[in-house]
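1. When you get a sec, could you give me coordinates for this:
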Amino acid sequence: MRAAARALAGFVAHEDGLTATCNTIALVLASNTPFYPLYLWAVLGRNTGPFVLLTLASLPFWLAVPLLARRSGYAARALLCTVGTLNTAWCTHVLGFSSGEALFLIPCVMLATLGFHQAERRTMFALAALPFLAYAALRLAPMPPIATYPASVAASLATLNGFSVACLTFFLGIAFAAVRPSAPAARG
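-> As a prediction, this is how the structure comes out:
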């Protein structure tokens with residue numbers, strides 16, 4: 001057990017505190033991703049269908065964040081923010097806007113604003129704009145969802161997603177509050 005804990009700590013470790021925190025966040029998101037289809041099955045019922053497996057598409061990208069951080073912490077932090085936004089837009093398309101899935105764009109804004117150093121403000125603003133653009137696209141050019149489920153369960157799904165967003169936002173606040181400020185030597 002201790003060897004596994006040391007291996008995980010080594011996997012997310014980085015000399016830059018923000019990058020180490022983002023690596024940890026990516027690992028938490030990766031570990032939660034396989035459970036999301038189970039949550040959907042619990043809310044939507046047995047007739048959920050295979051579409052819930054489409055929500056697993058982000059798993060390899062979450063795991064790529066700590067791997068990329070070995071080459072460039074800056075790029076890894078940017079990947080985390082980008083994958084978060086794209087995953088939210090994808091899952092919103094799969095489950096429909098009424099699912100409340102778009103609420104996950106809130107933690108995406110948080111990741112972009114807290115995950116970068118002061119010297120990286122241009123990147124911060126660009127990546128913080130992505131969730132807003134995704135929301136506008138989802139609202140102004142909606143596509144029919146891939147999933148079909150009774151409207152009566154949409155409120156339950158929105159409740160589940162709202163609670164999940166609250167938990168994730170709390171976790172991000174705690175994670176970033178523990179970061180020791182350090183200035184990046186260079187982009188990387």
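2. hey, let's count contacts and neighbours off CA atoms from now on
-> Noted.
3. Okay, now the unreliable bits of the chain?
-> 46-49, 180-188 (pLDDT under 70).
4. could you pull out the helices for it?
-> Applying DSSP state H to the chain gives helices spanning 2-12, 17-32, 36-44, 59-69, 73-95, 105-114, 121-140, 154-177.
5. of those, which approaches Pro50 most closely?
-> Proximity to Pro50 (Cα to Cα) singles out helix 36-44 among the helices of the chain, at 9.4 Å.
6. Can you check which of the helices of the chain gets nearest to Val52?
-> Closest approach to Val52 among the helices of the chain is made by helix 36-44 (5.4 Å; Cα to Cα).
7. What are the buried residues along the closest one?
-> Buried residues in helix 36-44, counted by 16 or more other Cα atoms under 10 Å: 37, 40, 43-44.
8. now do stretch 133-147
-> Buried, per 16+ other Cα under 10 Å, within stretch 133-147: 134-135, 138, 147.
9. if we can go back for a sec, now the helices of the chain as CSV including distance to Pro50?
-> Formatted as CSV, the helices of the chain follow (distance: least, Cα to Cα, whole Å):
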stretch, distance to Pro50
helix 2-12, 31
helix 17-32, 19
helix 36-44, 9
helix 59-69, 17
helix 73-95, 11
helix 105-114, 24
helix 121-140, 23
helix 154-177, 17
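10. Tell me the spacing between the closest residue to Leu114 other than its chain neighbours and Leu29.
-> Nearest in space to Leu114, with sequence neighbours left out and distances taken as Cα to Cα, 6 or more residues apart in numbering, is Phe176 at 7.0 Å. Phe176 sits 15 Å away from Leu29, going by Cα to Cα, to the nearest Å.
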